[in-house]
Each structure stands twice: as structure tokens, then as C-alpha cells.
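Asker: Give the three-dimensional model of this entry:
(one chain, ligands or ions: 1)
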Amino acid sequence: MSTNKTFTMIKPDAVLDGNSGAILKMIEAAGFRVIALKKTQLTPERAGEFYAVHKDRPFYNDLCTYMSSGPIVPIILEKENAVADFRTLIGATNPANAEDGTIRKLFAKSIEANAIHGSDSDENAEIEGSFFFAHTEQF
Ligand SMILES: Nc1ncnc2c1ncn2[C@@H]1O[C@H](COP(=O)(O)OP(=O)(O)OP(=O)(O)O)[C@@H](O)[C@H]1O
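Answerer: The predicted structure is shown next:
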């Protein structure tokens with residue numbers, strides 16, 4: 001059964017460019033409610049843990065370097081059909097393929113520095129949210 005929650009993370013390129021506020025505004029305007037939010041920075045090792053599923057991909061090392069290169073804003077969100085609706089809101093992984101009006105179309109710079117992450121399943125949303133927030137931090 002759906003948990004109605006998803007996990008997102010505004011990535012270093014978007015945070016450093018001062019786009020966190022504009023991105024959060026789009027997220028809330030689309031009907032998502034913020035359950036937990038903070039600003040933090042990953043070490044390369046923690047970035048490697050977060051993206052462990054990609055450890056055999058050729059872009060893994062560059063991805064970990066990039067994801068630990070600056071601040072990020074991890075967020076837990078709530079909405080009906082949250083995981084699927086959020087993937088629609090952010091658009092395709094590669095901004096060259098992202099649909100008009102999506103967050104990545106507006107803010108992503110490249111397939112790597114693509115502004116934002118969105119969980120791809122209810123199970124991963126739970127795992128990824130717990131990676132950054134203890135249950136007591138959520139409300
Ligand atoms: N070919 C690639 N070259 C460089 N970086 C890539 C490439 N493919 C994916 N990435 C990076 O790895 C992240 C995870 O890749 P994945 O295939 O899970 O995409 P996604 O599900 O759209 O993105 P995310 O998991 O961040 O929401 C991407 O968001 C992107 O930052």
C-alpha cells in the first residue's frame with residue numbers, strides 16, 4: 001500500500017545557485033506538504049552509501065564527488081500518490097529530455113548536475129528518508 005510519502009534532495013548545483021526557494025515553491029504549489037527538511041553536506045563516503053545501487057556504473061565516482069561538492073537540502077514530502085507525482089514534477093534525468101514546466105527543465109544543468117532527486121518507489125522513499133532523518137525529526 002502506498003505510504004503517500006516521498007523523499008527528495010535539492011542537489012549542490014541548485015543550492016549553490018540560490019534556487020532552493022524557487023524549487024520548494026514549485027513543490028508546495030504542486031500540493032506536496034513538507035514533513036522534514038534541512039540543509040546539510042554529504043562526505044564522499046556518505047554520498048557513496050546513498051548511491052550504492054549505482055556503484056558499478058561508470059558515472060559512480062563522479063556522482064559521489066559531485067554530490068559531496070556542496071550543500072544539499074534533503075526533504076520528506078507527503079501527498080496522495082507522492083512518488084509517481086513527484087517523478088512527473090521533476091522530469092527526465094537528463095534535462096535535455098525533461099518536459100516543459102518540470103523542475104529539471106527549469107533548473108538542471110546536465111545529466112549529472114540535474115538539480116533534484118526523487119525516490120523511485122515507496123520502499124526507497126522510506127529508506128532514503130531514514131538515511132537523513134530520524135523518525136523523531138518527522139512530524
Ligand atoms: N549517464 C550519467 N552520467 C552522469 N551522471 C548520471 C548519469 N545517469 C545518472 N546520473 C546521475 O545519477 C543520478 C541517479 O541516476 P538514476 O538513474 O537513479 O536517475 P534518476 O532516478 O532520474 O535520478 P535520482 O535518483 O537522482 O532522482 C542522476 O540523478 C544523475 O545525477
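Asker: Residue ranges in this protein under the pLDDT threshold?
Answerer: 1-2, 139 (pLDDT under 70).
Asker: tell me which parts of it are close to the ligand?
Answerer: Within the chain, the positions adjacent to the ligand are 59, 63, 93, 111-112, 114, 117-118, 120 by Cβ under 6 Å from any ligand atom. Using the backbone N, CA and C atoms, a C-beta is placed for each residue, glycine as well.
Asker: Generate a PyMOL selection restricted to the buried subset of those.
Answerer: To isolate the buried ones among those in PyMOL, judged by 16 or more other Cβ atoms under 10 Å, type:
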select buried, resi 63+112+114+117+118
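Asker: what's the closest of the residues of the chain next to the ligand to residue 74?
Answerer: Nearest to residue 74 among those: residue 117, at 8.7 Å, using Cβ to Cβ.
Asker: what's the nearest residue to that closest one if we skip its chain neighbours?
Answerer: Using Cβ to Cβ, 6 or more residues apart in numbering and skipping the chain neighbours, the partner closest in space to residue 117 is residue 9 (4.3 Å).
Asker: isn't the one you found right up against residue 71?
Answerer: No: taking contacts as Cβ atoms under 8 Å, residue 9 lies outside contact range of residue 71: 10.7 Å.
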